[in-house]
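>>> Structure here, sequence nowhere to be found:
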DNA sequence: TATATATTTAACAGTTAAGTTAAATGTTAA
DNA sequence: TTAACATTTAACTTAACTGTTAAATATATA
């Protein structure tokens, strides 16, 4: 949704690692949790923060809830960062 | 320095606005502070977080300390975000 | 030297964030 | 219906974040 929400979601190393995992394909919440050494409850909260930022979405299938990457919302941030990076190219030094 | 430090620095709206300001060129700490409605002390701390993340650097000139953008550290984040998005066009262009 | 100006640092308060354990919810299968 | 499993939500603790005011530091100038 908002850039603020997205950047805040990206500012946590566990959440970034979750996104890296999901790059290879969707995963059930439990499998994600098993990958880390923190509790499933903690992972669940991280997942909800990522979901609120629209960086992932979930689909329930029976007992399992699968999470999948949605990287399209990164576009706005990429644009801003690229602009920031390129915007100073011709600034004169004083 | 680390991606963690950079993303944490970017996760605050005031700090992002400071970076946007500095895109147009360097500014003295006081001029930056005047742009916002929070105290100079608060801005000073934001500046030190940005400096620790290497997103800006400072040069003292007499009474003034000028801050200047250093967007080169965004490279790593741009690569990671682009990779997350699914392509590595950005990396290939390098 | 003393004083004014620019900026940072210290100490503190309120808020938000991330982790834990325990309880609750939703689903499948006996 | 009951039991087992998968996941989330609630309550709580602790640590980190952001702001404030006041004191400290650095520089320039009268």
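Alright, I've got the coordinates. In this text, all values refer to a predicted model and were calculated from it rather than measured experimentally.

>>> wait, what's in contact with the closest residue to DNA strand D within chain A?
Taking CB to the nearest atom of the strand as the measure, chain A has residue A:30 as its residue closest to DNA strand D, at 2.0 Å. Quick note: C-beta positions are derived from backbone N, CA and C, even for glycine. Residues near residue A:30 by CB atoms under 8 Å, 6 or more residues apart in numbering or on different chains: A:40, A:64.

>>> any idea how far it is from residue A:64?
Going from residue A:30 to residue A:64 by CB to CB, to the nearest Å gives 7 Å.

>>> just residue A:52 next, same as before
The value you get for residue A:52 to residue A:64, if CB to CB is used, is 21 Å.

>>> what about chain A, any weak spots by pLDDT?
Across chain A, the ranges flagged by pLDDT under 70 are A:1, A:87-94.

>>> Could you tell me which residues of chain A lie near DNA strand D?
Residues of chain A lying near DNA strand D by CB under 7 Å from any atom of the strand: A:28-31, A:33, A:40-41, A:43-45, A:47-48, A:58, A:63-65.

>>> List buried residues within those residues.
A:29, A:33, A:43, A:47, A:65 (16 or more other CB atoms under 10 Å in any protein chain shown).

>>> And DNA strand C, is the helix or strand where the second one lies touching that?
Think residue A:33. Using DSSP states H and E, residue A:33 falls within helix A:29-35. No. Shown here: helix A:29-35 not in contact with DNA strand C (CB under 7 Å from any atom of the strand), separated by at least 9.6 Å.

>>> following that helix, which helix or strand comes up?
Next element after helix A:29-35 (DSSP H and E): helix A:40-52.

>>> hmm, that next one in reach of chain B?
No. Helix A:40-52 lies out of reach of chain B by CB under 8 Å from any CB of the partner chain, never closer than 12.0 Å.

>>> just stretch A:7-20 next, same as before
Yes. With CB under 8 Å from any CB as the criterion, chain B is reached by stretch A:7-20 at A:7-8, A:10-11, A:13, A:16, A:19-20.

>>> Which one (most neighbours) among those?
In terms of neighbours by other CB atoms under 10 Å in any protein chain shown, the residues of stretch A:7-20 next to chain B top out with residue A:10 at 25 neighbours.

>>> and the gap between it and residue B:58?
Separation of residue A:10 from residue B:58 (CB to CB): 26 Å.

>>> Show me what the helix or strand where residue A:79 lies packs onto, helices and strands only.
Residue A:79 is part of helix A:74-86, with elements assigned from DSSP H and E. Packed against helix A:74-86 by the contact rule (3 or more CB pairs under 8 Å, 6 or more residues apart in numbering or on different chains; DSSP states H and E) you find helix A:3-10, helix B:13-22, helix B:74-85.

>>> same thing but at 10 Å, please
For helix A:74-86, the contact count by 3 or more CB pairs under 10 Å, 6 or more residues apart in numbering or on different chains; DSSP states H and E identifies helix A:3-10, helix B:3-10, helix B:13-22, helix B:74-85 as packing neighbours.
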